[in-house]
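Student: could you look at this predicted model? Sequence included:
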Amino acid sequence: MIHSKLTVFFDQAFYRGVFERWTPTSYQVARVTFGTQPPSAPQLQQVIWRRWSTLQWTTPAKIVVSETHHRVKQRQRAAQRELKQHGARQRATVMLKTEHRQNLQLKKQRQRQARVQHAAVVRQKQQAKRRGH
């Protein structure tokens with residue numbers, strides 16, 4: 001069974017949405033920027049229906065979810081706590097930050113490889129130029 005959740009919050013200048021989806025074994029997060037105006041209900045539905053398949057989800061993280069049954073009042077209190085909380089859940093922000101760091105490292109590696117290849121091509125051209133005809 002897949003559970004999902006959307007949290008919309010105001011972050012500096014933009015309204016952002018954080019989608020979370022989890023199964024009993026994995027957890028993934030995706031982020032959407034709505035703009036400077038608060039998103040309306042039809043806009044949220046459009047994002048869910050049309051862009052759900054194209055969201056860029058983080059790599060799945062392994063989690064262990066305990067199947068405990070909570071009483072009704074406990075669930076109500078937990079829901080009230082979540083409503084008072086501003087921003088995304090801590091687990092979601094940590095996932096997004098680690099994914100961002102990994103992407104930066106991959107980008108640096110690709111740039112370094114491109115630089116080395118370019119230098120090798122330039123070196124070959126210079127050697128070919130010295131040899132003459």
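Tutor: Great, that's in hand. Residues are numbered from 1 along each chain as shown.
Student: what packs against the longest helix along the chain?
Tutor: In the chain, ranked by residue count with DSSP state H as the criterion, the top helix is helix 90-131. Packing partners of helix 90-131 (3 or more C-beta pairs under 8 Å, 6 or more residues apart in numbering; DSSP states H and E): strand 14-22, strand 26-35. In this view, the C-beta of every residue, glycine as well, is placed from N, C-alpha and C.
Student: with mean neighbour count, distance to Arg91 and mean pLDDT added, can I get those in TSV?
Tutor: As requested, the helices and strands packed on helix 90-131 are exported to TSV (neighbours: other C-beta atoms under 10 Å; distance: least, C-beta to C-beta, whole Å; pLDDT from 0 to 100):
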stretch	mean neighbour count	distance to Arg91	mean pLDDT
strand 14-22	18	8	89
strand 26-35	18	7	89
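Student: Gln80: which of those strands is closest?
Tutor: Taking C-beta to C-beta, strand 14-22 is the member of the helices and strands packed on helix 90-131 nearest to Gln80, at 19.0 Å.
Student: picking up where we left off before, of all the helices and strands packed on helix 90-131, which one comes closest to Ala120?
Tutor: Among those, strand 26-35 comes nearest to Ala120, with 38.3 Å by C-beta to C-beta.
Student: same for the next helix or strand after the closest one, what does it pack against?
Tutor: Sequence-wise, the next helix or strand downstream of strand 26-35 (DSSP states H and E) is helix 41-51. Secondary-structure packing of helix 41-51 (3+ C-beta pairs under 8 Å, 6+ apart): strand 3-11, strand 26-35.
Student: packing partners for the last one?
Tutor: Read it as strand 26-35. Right, strand 26-35 is packed against strand 14-22, helix 41-51, strand 61-62, helix 90-131 by 3+ C-beta pairs under 8 Å, 6+ apart.
Student: swap in the shortest one?
Tutor: If you count contacts as 3+ C-beta pairs under 8 Å, 6+ apart, strand 3-11 packs onto strand 14-22, helix 41-51.
Student: what's it in contact with?
Tutor: 15-23, 34, 38-39, 44, 48, 86-89, 92 (C-beta atoms under 8 Å, 6 or more residues apart in numbering).
Student: can you list the buried residues in that strand?
Tutor: Within strand 3-11, the residues that count as buried by 16 or more other C-beta atoms under 10 Å are Thr7.
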